[in-house]
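1. Using only what follows, build the 3D model:
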Amino acid sequence: MRIGLFRLRMVAGPLVGLGVALGATSPIYAEPPSAPSADQRAAAASSLQKKFQDLSASYQKLPRDTFDPAAVIEQVGRDPDNLLKWVREQTSWVPYRGCLRGASGVLMDRVGNSLDRSVLLCDLLKSAGFSVRLARADLSEEQARPLLNLAPAPVRGEAPTDVSPATAEARKRVLAQAESIAGLLGAPPGAADAQADAFAAAREHWWVQRQSAGAWVDLDPTLPAAPGNRPAAAETFPFDGRDGTIRLPSHFMHEVGIKIVVEVWAEGRLSDHTALEANVRPAEFLAGRVSLRHFPLNVPSAPPATDDHATKAELLAEHEWLPVLVFGARHVARRSFTNAGELNEKPNLDPTAKLAKATGSAFGGLGGGLSGNVGTAETKKSVLTAEWLEYEIRTPGRPPRSIRREVFDHLGPAARAAAHTGGIATAPVIGDAKRLDRALVLAGTTQSLLLACQPSPEFQLHMMAQDLLDRRDLWLRMASESDPTKRGALAGAVEPSGPLPYLAFARQTLSPAPAQTYLDQVNILNYRVHLRPTPEGKFADHHTIDVVANDVAVRGQTGVQGFATRLRQGVADTAAEDLILGGDAGTDNTLRLVEAARAQNVNLVLVRDANDAALKSLDVPGDARSRVLDDLARGFAVVLPARPVTLAEAGRFGWWRIDPRSGDTIGVMDSGFHSATTEKGVLEDTQVGRTVVRYRPGRVSSFWIRHPAQIAQEAGFPGNFNEVVSLICDIQNDLRLLGML
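-> Numbering: from 1, shown residues only. Next up, the predicted model:
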């Protein structure tokens, strides 16, 4: 059940409850009734039917030439010389190695290296009916050098000046923080000059060959068509473009390996075990959203719990979970794990179909071939201590880069570091509070957006509309269904929406130099949502936005200048998290924390290595200190407050992490996430059914759901497609009024 090389369509998170065009200064928002009447449901279902019909007609009018090669052919025609001319003139060369963007990604950004631009040209020519293949060779220094001297064409326009007050204020905060960090760093002693990497990328040259009259004719989007400009092809590769697959060897492809790793204590030692792994090529999975969900394999056959006490009892009784990666409509799973840390190679997907009923049949054929025994309860011989979502970013020409994100962690980094040194003689005790937290986290969702380019506004709107239309029958069934149990089962098939498309736009809107930066490797954005118990015994929504990987390349700038641009972009990424989650006093974020530190007269300190005397004198809590030491051990510099800072009425810790060679920067919180986190609202007893707690948290009180018009404006989302946008907004508002979102 592993992921093959296939095209995976992004299912974009829907806009909810806008009711107005995206340029509006304030949203139209109405609280959903606690229990809509049968007449209200009938009227809403009828209204939705008409709006879906209108949306189906309207979204077809959206421009597609920023993501769909077929739209380019409609504009340019099928003549190969005209298609070559269009690629040469409408896209520009930037240096990086390997296939990152693919055809649609180049259309998004209007930039690419010689391979990605050749893939676009191959796709166009293949669609126009020609036989084509890719060719490559290494250029000489004399042939490659002129590419580096090309005047950089803008990737996108400069940052717009007509923005909301919130965006304007956020930009000021970005520049102030970047100036402060730069002042502490001084002249960056290790500022890397990217020219060497750019030159290596320029030498690895690709072009297209078209078959004509029994011969192969060269079509090169990058080098001028002059004699001697291009060497003879050293290698050629067939191109068929079926299902969006680019059939190149792995060492020419940007890839992301995704693993679900569980940590187990047994016999005094900790060990890691892989429960699930998959491999994704972003060029074949354009702006793709990957979701991690967990399904409990001991779903009770009794009716769903209807109060908090019974729900907690059910959650505490769970002892085996199946992690599932969701790619659009495809579910990928392998092993389940128990609370004793045991991996089950053949998990039981419940032949009585209780699980399918509880999830609204969301598996969709997931269990083919999976069968076996239900796991056992926790034993003293082994204990489940942690789970991680692990990414391995594989970039051609660079070492693989592994990044872990905690799903849950019963030990913490400080205790783990001590355990790896001296072991843990006795079994860790996992009490009810931790078990409840674990069950709630595993009932939540983590969405990942794997970015190979900056998604175009037209693409995002197209995907949002298509996502609604793909689920039209489901929405209409839910709207007309009066039985809350049946409606809840249907709701289990709906993937929770998320704010990651907004975040992708906000990163650019807040960037001080959007025309100079571009992606030369995969970026990863995460949105994590689950429930947390409150001191009052209720459940509250908990949302985390996490910029996992945000490395960017800079055009036309090297050395200190490029370093400064990357630093400012990293601060902008951290500010974008804060902006999208609402930026209120309840939001945890490094930018907000550092501003609070200054207000509380807490000094900021630069630390360059673990032996720095300044670090030893700082009041850094144990787990946060372990995370800081880990960053320092990996060669980063950190800028951190001298002691914990009061944020949202609690003592918190965070820091700026800076790569002293490149200037890549991100804000890190004491949780280990590069994140903004907020807790919003308390779910009432009537809302805490099994479906809500296990499969649909976070749908009722997040800021970005309540105020998407404001978020859309502040994130720079376009407002020039009012007809489609208004229909999307109206449909989502109706769904919300019915309590379906």
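
2. Going by C-alpha atoms from here, please, whenever you check contacts or count neighbours.
-> Noted.

3. tell me which helix or strand of this protein sits lowest on mean pLDDT?
-> helix 690-695 (a mean of 42; mean pLDDT, DSSP states H and E).

4. now the strands for the stretch 501-650 of the chain?
-> 517-518, 523-533, 539-549, 553-554, 588-589, 604-607, 637-641, 645-647, 650-652 (DSSP state E, counting those that start in this stretch).

5. Just name the most buried of those.
-> With neighbours taken as mean count of other Cα atoms under 10 Å, those reach their highest mean count in strand 588-589, at a mean of 28.

6. Against which helices or strands is it packed?
-> helix 559-581, strand 665-669, strand 675-683 (3 or more Cα pairs under 8 Å, 6 or more residues apart in numbering; DSSP states H and E).

7. how far does the longest one sit from the chain's center?
-> To tie it back to what came earlier, the one meant is helix 559-581. 17 Å (Cα atoms, centre = their mean, to the nearest Å).

8. Give the buried residues for that helix.
-> Neighbour-count burial for helix 559-581, counted by 16 or more other Cα atoms under 10 Å, picks out 559-560, 562-581.

9. if we can go back for a sec, let me have the strands of the stretch 501-650 of the chain in CSV, extended by mean pLDDT.
-> Output for these, formatted as CSV (pLDDT from 0 to 100):
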stretch, mean pLDDT
strand 517-518, 91
strand 523-533, 90
strand 539-549, 88
strand 553-554, 90
strand 588-589, 87
strand 604-607, 94
strand 637-641, 95
strand 645-647, 89
strand 650-652, 87
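
10. Residue 80 is nearest to which of those strands?
-> strand 517-518 (28.6 Å; Cα to Cα).

11. Give the other helices and strands that that closest one contacts.
-> Against strand 517-518 (3+ Cα pairs under 8 Å, 6+ apart) you get strand 553-554.

12. Partner strands of the strand it packs on, with direction?
-> strand 517-518 (antiparallel) (DSSP bridges).

13. which residues touch the partner strand?
-> Strand 517-518 has contacts (Cα atoms under 8 Å, 6 or more residues apart in numbering) with 155, 453, 552-555.

14. Could you do stretch 112-121 as well?
-> Under Cα under 8 Å, 6+ apart, the answer for stretch 112-121 is 69, 83-84, 87, 91-104, 106, 111, 134, 205-208, 220-222.

15. Okay, and which of those map to strands?
-> Using DSSP state E, the members of these that fall within strands are 92-93, 111, 134, 205-208.

16. what about the stretch 601-741 of the chain, any weak spots by pLDDT?
-> Along the stretch 601-741 of the chain, the model assigns pLDDT under 70 to residues 679-722, 736-737, 739-741.

17. give me the beta-bridge partners of the spatially most central residue of the chain?
-> Most central in the chain under Cα atoms, centre = their mean is residue 449, positioned 2.4 Å from the mean C-alpha point. Note on residue 449: beta-bridge partners by DSSP bridges are residue 289, residue 525.

18. Hmm, residue 522 and it touching each other?
-> No. Counting by Cα atoms under 8 Å, residue 449 sits too far from residue 522 to count as a contact (10.0 Å).

19. Spit out the contact partners of the residue lying closest to residue 430 once chain neighbours are set aside.
-> Distances taken as Cα to Cα, 6 or more residues apart in numbering place residue 410 nearest to residue 430, at 7.4 Å, with adjacent residues excluded. Listed by Cα under 8 Å, 6+ apart, the contact partners of residue 410 are 385-386, 430, 434.

20. Residue 631 versus residue 410, what's the distance?
-> To residue 631, residue 410 is 21 Å away according to Cα to Cα, to the nearest Å.

21. I'd guessed residue 506 sits against residue 576; true?
-> Yes. Under the contact definition of Cα under 8 Å, residue 506 touches residue 576, with a separation of 5.4 Å.

22. returning to that earlier point: can I get the contacts of residue 410 in JSON lines including neighbour count and secondary structure?
-> Formatted as JSON lines, the contacts of residue 410 follow (neighbours: other Cα atoms under 10 Å; DSSP: H, G, I helix; E, B strand; the rest coil):
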{"residue": "385", "neighbour count": "25", "secondary structure": "strand"}
{"residue": "386", "neighbour count": "20", "secondary structure": "strand"}
{"residue": "430", "neighbour count": "16", "secondary structure": "coil"}
{"residue": "434", "neighbour count": "15", "secondary structure": "helix"}
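
23. For residue 280, name its beta-bridge partners.
-> Under the criterion used (DSSP bridges), residue 280 bridges to residue 256.

24. Please read the previous query as pertaining to residue 237.
-> Here residue 237, judged by DSSP bridges, has bridge partners residue 134.

25. Pipe the helices and strands packed on strand 588-589 into a markdown table and attach distance to residue 654 per row.
-> Listed next are the helices and strands packed on strand 588-589 as a markdown table, based on distance: least, Cα to Cα, whole Å:
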| stretch | distance to residue 654 |
| --- | --- |
| helix 559-581 | 12 |
| strand 665-669 | 4 |
| strand 675-683 | 10 |
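
26. Of those, give the one that comes closest to residue 438.
-> Using Cα to Cα, the nearest of these to residue 438 is strand 675-683, at 17.0 Å.

27. residue with max distance from the center of this structure?
-> Largest centre distance within the chain, by Cα atoms, centre = their mean: residue 213, 46.6 Å.

28. what about that one, distance to residue 130?
-> 12 Å.

29. Equivalent analysis for residue 622, please.
-> 63 Å.

30. Show me which of the two is the more surrounded one.
-> residue 130 (17 against 14; other Cα atoms under 10 Å).

31. which SS class is that one?
-> coil (DSSP: H, G, I helix; E, B strand; the rest coil).

32. buried ones in the helix or strand hosting residue 198?
-> Per DSSP states H and E, residue 198 falls inside helix 195-203. For helix 195-203, a neighbour-count test (16+ other Cα under 10 Å) marks 198-203 as buried.

33. tell me the angle of it relative to helix 559-581?
-> Orientation check (axes from the mean of the first three to the mean of the last three Cα atoms, to 10 degrees): helix 195-203 against helix 559-581 gives 80 degrees.

34. May I have helix 195-203 as CSV, with CA atoms only?
-> Once non-C-alpha atoms are left out, helix 195-203 reads as follows in CSV (Å, rounded to 0.1, in the frame of the first residue of the first chain):
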residue,chain,number,x,y,z
GLN,A,195,27.4,31.4,-6.8
ALA,A,196,29.1,28.0,-6.6
ASP,A,197,25.8,26.2,-6.2
ALA,A,198,24.3,28.3,-9.0
PHE,A,199,27.2,27.5,-11.3
ALA,A,200,26.8,23.8,-10.7
ALA,A,201,23.1,24.1,-11.5
ALA,A,202,23.8,26.0,-14.7
ARG,A,203,26.2,23.4,-15.9
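
35. I would like the residues contacting it, please.
-> Applying Cα under 8 Å, 6+ apart, the set of residues contacting helix 195-203 is 95-97, 138-141, 143-145, 147-148, 558.

36. Which one (most neighbours) among those residues?
-> The contacts of helix 195-203, ranked by neighbours (other Cα under 10 Å): first place residue 97, 29 neighbours.

37. rewinding a little: now render the ones in strands among the contacts of stretch 112-121 as TSV, adding neighbour count, pLDDT and distance to residue 425.
-> What follows is those, written out as TSV (neighbours: other Cα atoms under 10 Å; pLDDT from 0 to 100; distance: Cα to Cα, whole Å):
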residue	neighbour count	pLDDT	distance to residue 425
92	22	91	60
93	23	93	58
111	26	93	56
134	23	96	58
205	25	95	57
206	28	96	57
207	26	95	61
208	28	95	62
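
38. Specify which member of those residues is nearest to residue 278.
-> For the ones in strands among the contacts of stretch 112-121, the nearest to residue 278 is residue 134 (27.0 Å; Cα to Cα).

39. show me the residues around the closest one that make contact.
-> So residue 134 contacts 118-119, 122, 206-209, 236-239 (Cα under 8 Å, 6+ apart).

40. Count the residues that sit near residue 271.
-> 12.

41. How much space separates it from residue 341?
-> In terms of Cα to Cα, residue 271 sits 10 Å off from residue 341.

42. if I look at those two, which residues touch both of them?
-> Common neighbours of residue 271 and residue 341 (Cα under 8 Å, 6+ apart) are 263-265.

43. Right, I'll call it a day here.
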